[in-house]
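[1] no FASTA, just this:
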């Protein structure tokens, strides 16, 4: 059973490898801002974090599945798409991109608890058949240490690590020492919930252990 990860995230690839799966990886060609804006315009209101991560996870998986069908028509397996957003105090945080924004967020997060929302889409792709999809959103609470100093924040931001991850933090690398508690599946905070992916795979009639390399 082949597996294609609709992502080039090193963290998501690491998770797959840690549980015995060596997937193909494809970068989805989706414009996330355009997708979000179109969905909000159609509804006439902003989407919730849960709705947004699921929408984007589905778009990524569908984009990669369509390209696989065109480029590799004999692909027989699963395509997995994911997206994450962090919510704290009524605000939703994606990737900060700039040191200034990452610093501001860390000063706000210090001593607080937020929710990491992770959307998942799994497509069963078979030659000559329409893909079948299962989806789910997983959530995990993340509590940050209250004694993080401004110097520690500056040093962490200077590494560049928090600039390109949802919420401006990691739990499995340098940022992990500043997190005191995770409520929920810890892998959700890394990039996607492995227990959720396993459940979705089973809903498609595939045994999780058949994905092991």
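    Perfect, thanks for sending it. Fair warning: this is a prediction, and the values are worked out from it, not measured in the lab. Numbers count the residues shown, from 1 in each chain.
[2] number of residues surrounding the closest residue to residue 159 other than its chain neighbours?
    Leaving aside its chain neighbours, residue 159 sits nearest to residue 174 (5.9 Å; criterion: C-beta to C-beta, 6 or more residues apart in numbering). C-beta coordinates here come from the backbone N, C-alpha and C atoms, glycine included. Using other C-beta atoms under 10 Å, residue 174 is surrounded by 14 other residues.
[3] which residues touch residue 174?
    Listed by C-beta atoms under 8 Å, 6 or more residues apart in numbering, the contact set of residue 174 reads 156, 159, 161.
[4] buried ones in the helix or strand of the chain with the lowest mean pLDDT?
    Here the helix or strand of the chain ranked lowest by mean pLDDT, DSSP states H and E is strand 91-93, holding a mean of 88. For strand 91-93, the neighbour count (16 or more other C-beta atoms under 10 Å) marks 92, 93 as buried.
[5] just checking: what are the partner strands of it?
    strand 77-88 (antiparallel) (DSSP bridges).
[6] taking strand 77-88 as reference, get the angle to the longest helix seen in the chain.
    Determined from DSSP state H, the single longest helix within the chain is helix 49-71. With axes from the mean of the first three to the mean of the last three C-alpha atoms, to 10 degrees defining the directions, helix 49-71 sits at 150 degrees from strand 77-88.
[7] tell me what helix 49-71 is packed against?
    helix 32-43, strand 77-88, strand 113-125, strand 132-144 (3 or more C-beta pairs under 8 Å, 6 or more residues apart in numbering; DSSP states H and E).
[8] of all these, which one is nearest residue 185?
    Smallest distance to residue 185 across the helices and strands packed on helix 49-71 (C-beta to C-beta): 6.1 Å, for strand 132-144.
[9] among the contacts of residue 174, which ones are buried?
    156, 161.
[10] can I get the contacts of residue 174 in TSV including pLDDT?
    Compiled in TSV, the contacts of residue 174 are given as follows (pLDDT from 0 to 100):
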residue	pLDDT
156	98
159	97
161	96
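[11] assign residue 30 to helix, strand or coil.
    coil (DSSP: H, G, I helix; E, B strand; the rest coil).
[12] let me see the backbone angles for it.
    Per-residue torsions, residue 30: phi -100, psi 140 (degrees, to the nearest 10).
[13] that one: what's it in contact with?
    Residue 30 neighbours (C-beta under 8 Å, 6+ apart): 56, 59, 60, 63.
[14] closest to residue 168 out of these?
    residue 56 (18.2 Å).
[15] my guess is residue 163 contacts residue 95, does it?
    Yes. Using C-beta atoms under 8 Å, residue 163 is in contact with residue 95, at 7.0 Å.
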